[in-house]
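>>> Sequence plus predicted model, see below.
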Amino acid sequence: MSKSGQPKRSELRSDEEKSEAGAGTDDAPAEGDDADAALVELQARADDNWDRYLRAAAEVENIRKRASRDVENARKYALETMCRELLGVKDSLEMGLAASDTADAESLVKGSLATLKLLTATLERFGVCEVDPEGEPFDPEFHEAISVQPSTEAEPGSVLTVVQKGYALNGRLLRPACVIVAAEADEAAEE
């Protein structure tokens with residue numbers, strides 16, 4: 001042995017020669033057979049792991065495709081239920097128009113009011129609500145001021161008149177209410 005504690009080449013050769021000489025005996029199995037068996041076992045494990053990886057990758061790809069299809073279908077058919085409900089409103093309008101030739105004005109107004117009530121109920125079922133802020137303080141998040149008008153009756157900065165109602169869907173603004181905002185009567189006279 002060398003000073004470092006590792007065997008010298010000559011000692012290695014003699015060990016190799018010894019193992020070759022003893023390879024022919026039936027008493028001990030050859031070291032090469034153990035190595036071959038270990039290599040075969042490791043190769044089998046590697047093949048199994050590769051197979052598992054391929055299956056997992058294929059499953060992930062299938063999940064991604066399925067999710068993509070689901071999102072696309074949700075986009076395509078998101079309004080299906082609401083549209084089905086609105087068909088009743090359309091039918092009501094068509095019946096009113098068909099009856100307009102023979103009906104008097106009072107029955108047409110009643111029919112129009114019934115159709116409006118049906119439409120309002122349908123919109124409310126889907127989370128659409130009116131923004132009708134008359135008399136409330138002006139809120140630029142939900143109201144659009146189209147003019148300012150002096151008023152002695154309304155508080156300054158409040159909504160005096162709603163020109164067009166706004167609408168919100170589940171609390172999110174779809175369209176702001178167009179309003180006229182009250183101003184102090186003295187401010188308007190100075191301008």
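On my side now, so go ahead.
>>> Which parts of the protein are strands?
Using DSSP state E, the strands of the chain run over 128-131, 143-150, 159-164, 166-169, 172-175, 177-183.
>>> Check the residue most central in space within the chain and give its pLDDT.
In the chain, the centroid-proximal residue (Cα atoms, centre = their mean) is residue 71; its distance is 7.9 Å. On the pLDDT scale, residue 71 is placed at 93.
>>> go on, residue 1?
Residue 1 is given a pLDDT of 51.
>>> Can you tell me how far the residue nearest to the centre of the chain is from residue 172?
Per Cβ to Cβ, to the nearest Å, residue 71 is found 20 Å from residue 172. The C-beta positions use only the backbone N, C-alpha and C, and glycine is treated the same way.
>>> swap in residue 133?
For residue 133 relative to residue 172 (Cβ to Cβ), the value is 17 Å.
>>> These two - which one has more neighbours?
It is residue 133, of residue 133 and residue 172, that has more neighbours when counted by other Cβ atoms under 10 Å, with 19 against 7.
>>> And the more buried one, its phi and psi?
phi -90, psi 20 (degrees, to the nearest 10).
>>> quick one, what contacts it?
139, 142, 143, 159, 162, 166, 177, 179 (Cβ atoms under 8 Å, 6 or more residues apart in numbering).
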